[in-house]
Each structure stands twice: as structure tokens, then as C-alpha cells.
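Trainee: coords please:
(one chain, ligands or ions: 1)
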Amino acid sequence: MSYPDSSLVSIDTSHSELAEKRTNTITRHRSVFSRVNLPAGQVIAEFSAKKTYSQPSYLTVQINDQEHIELWPEYLECTNHSCDPNCFFDTTSFKFITLKPVKAGEELTFFYPSTEWNMDKAFNCFCGSEQCLGTIQGASYLSDDVISKYRFSDFIQKKLTLRKNSAE
Ligand SMILES: [Zn+2]
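Mentor: The predicted model follows:
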């Protein structure tokens, strides 16, 4: 396995054979990387709630209207957003899975609105993907056109369907 610039990252391999957290020692920016080649649909980790909150934060994943969880195992909370994600948090089965094949050493990302209806803070995305949406603020802000390109948690999908039906 090779790392792009090993002087800039500290690697925490204690959590999983499949994925690891890396921290940029200068910016403190944290990310999760694949340690091996993974096929689509691979379960990387089963997760649970380290802590549950009634309001979202930048570290939480939304489970339903009342529950936002901090993830366990903890390194999963370092999974960054991409508008072209390769992973997905299934909040029904509580499994973190790949959406497409991932190579060893590739960053694991997920689409924040796939689990978040209305994020506590919007942010400007610089993921660099061709389909980058720019401002990310939750699934409730997405157009039908954008929605059709992504997989959402069952909870978010239900809310999107309700919204669509009530608009018709
Ligand atoms: Zn983006």
C-alpha cells in the first residue's frame, strides 16, 4: 500500500481491516480511506450510536425526525462529503457500505443529504466532481432532477416521496 505523502498524515489503523482514518498533521483535516480493494455493495462497517441528539451537528447522522447519532466506531465520523460518493450510510440496517468499486488507498465519501434532511449549517462543497452541487444543506433543498441521481436512506426517501406527493 502506498500513501500520497506520509509526512502529512497520521494513520490510525486500529479500527478496521478495510478502512482507516487519516489526519492531516498540518490542517488537522480528517478523512477515511480504504485499505483494500472493495467491490460495490461491500459492508465496510456495522455502526451504532455512540450518542444520540435531538438536533443535528456536523458530526451526526440523521436516523429519524427526533434522532441524530454520533457514530460508533468513531472513525466513521471522519467520512467526508462528496457529490460523487462511493459509500452510503444505510440507517435502516446500520451498515456503512460501498456504492461502487473502491480501490485501496481511495478516500471513502458519502453524500451528506443522503441521510440529512436539513443540515444545521450549509457549506460550500469543493469536491471537484463534475456533478458538484456547490452549496450543500440537506435533502430538503434538492431538486427532483438531482434527487434522481442519488441513493437516500429509507427515512430521507420517505420524506422526499411525501413531499413529491403533496406537491402534485
Ligand atoms: Zn461537491
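
Trainee: Flag every residue of this structure that's near the ion.
Mentor: 83, 125, 127, 132 (CB under 5 Å from the ion). All C-beta spots, glycine's among them, are computed from the backbone N, C-alpha and C.

Trainee: could you redo the last one with a cut-off of 8 Å?
Mentor: With CB under 8 Å from the ion as the criterion, the chain meets the ion at residues 81-84, 125-129, 131-134, 136.

Trainee: end-to-end on stretch 32-47?
Mentor: Distance between the two ends of stretch 32-47: 15 Å, counting by CA to CA, to the nearest Å.

Trainee: And that stretch, what's buried?
Mentor: For stretch 32-47, a neighbour-count test (16 or more other CB atoms under 10 Å) marks 32-35, 38, 42, 44-45, 47 as buried.

Trainee: Please flag which of these sit within strands.
Mentor: 32-34, 44-45 (DSSP state E).

Trainee: ok, which pair from the residues you listed is furthest apart?
Mentor: Within those, 33 and 45 form the most distant pair, 13.5 Å apart (CB to CB).

Trainee: Of the residues of the chain next to the ion, grab the buried ones for ChimeraX.
Mentor: Burial among these is assessed by 16+ other CB under 10 Å; the matching ChimeraX selection reads:
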select :81,82,83,84,125,127,133,136
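
Trainee: Strands of this protein, residue ranges please.
Mentor: With DSSP E as the criterion, the chain has strands spanning 9-12, 19-24, 30-34, 43-46, 48-53, 60-62, 68-72, 80-81, 87-90, 95-98, 109-110, 123-124, 135-136.

Trainee: No further questions, thank you.
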